[in-house]
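Chemist: here is a sequence together with a model predicted from it:
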Amino acid sequence: MPAGYSFRPRLWSLALAAAACAAGIALGNWQARRAEEKRALAENVQQIAVHGEFLPERTVFLDNKVRNHRAGYEVVTPLRLGEGIHILVNRGWIEAPARREQLPEVVTPRGPVRVRITIARESGSLPGDAPAGRKPGDVTARPATPRRFGIGRGGRP
């Protein structure tokens, strides 16, 4: 060090260093909270197998889904579980054909199928998780609001 030189940091550099430390601590706390949220979410998710029959004539293509810079569709098909009980199954992504007037061909299995689905648990919504006054095995269900979806391309639903 040259003679007569003394280290005297400017006030703005101390403030900047303090702000950077505070930001680092805040981001670390955020990461820890986020990890805890993900752990809690993973505990409330369950995979189950259901048996039913797909309704291919009711398949819906959700448009404008981009994967790896390629346009495509999410394919959603209703699955009939029993008399009057249906669930929507997202069967995955399929690339769009070169011409948008044409829908992609999707092969849907015919007859009875077994599908593994992932559901989020809510208190009392699954067997073995019954609230007071209910017995295990009772399932809470809310009636679905009927909605009409019209794709209407080329006579396909």
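Modeler: That came in fine, so what should we check first? As the structure is a prediction and not an experimental result, all values here were calculated from the model.
Chemist: tell me, how many neighbours does residue 79 end up with?
Modeler: Neighbourhood size, residue 79 [other Cβ atoms under 10 Å]: 19. Just so you know, the C-beta spots here come from the backbone N, C-alpha and C atoms, and that holds for glycine as well.
Chemist: surely it is in a strand?
Modeler: Yes. Using DSSP: H, G, I helix; E, B strand; the rest coil, the secondary structure at residue 79 is a strand.
Chemist: tell me who's in contact with it.
Modeler: By Cβ atoms under 8 Å, 6 or more residues apart in numbering, residue 79 lies in contact with 50, 52-55, 86-89, 113, 115.
Chemist: quickly name whichever of these is closest to residue 75.
Modeler: Of all these, residue 75 sits closest to residue 89, with 9.0 Å by Cβ to Cβ.
Chemist: so who does the closest one touch?
Modeler: Taking Cβ under 8 Å, 6+ apart, we find residue 89 in contact with 54, 76-79, 115, 117.
Chemist: that one bridge partners, please.
Modeler: Residue 89 forms beta bridges with residue 77, as assigned by DSSP bridges.
Chemist: now the contacts of residue 79 in a markdown table, with distance to residue 13, pLDDT and secondary structure?
Modeler: Below are the contacts of residue 79 laid out as a markdown table (distance: Cβ to Cβ, whole Å; pLDDT from 0 to 100; DSSP: H, G, I helix; E, B strand; the rest coil):
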| residue | distance to residue 13 | pLDDT | secondary structure |
| --- | --- | --- | --- |
| 50 | 62 | 89 | strand |
| 52 | 66 | 93 | strand |
| 53 | 70 | 93 | strand |
| 54 | 65 | 93 | strand |
| 55 | 67 | 93 | coil |
| 86 | 64 | 90 | strand |
| 87 | 60 | 89 | strand |
| 88 | 58 | 90 | strand |
| 89 | 58 | 90 | strand |
| 113 | 66 | 92 | strand |
| 115 | 61 | 89 | strand |
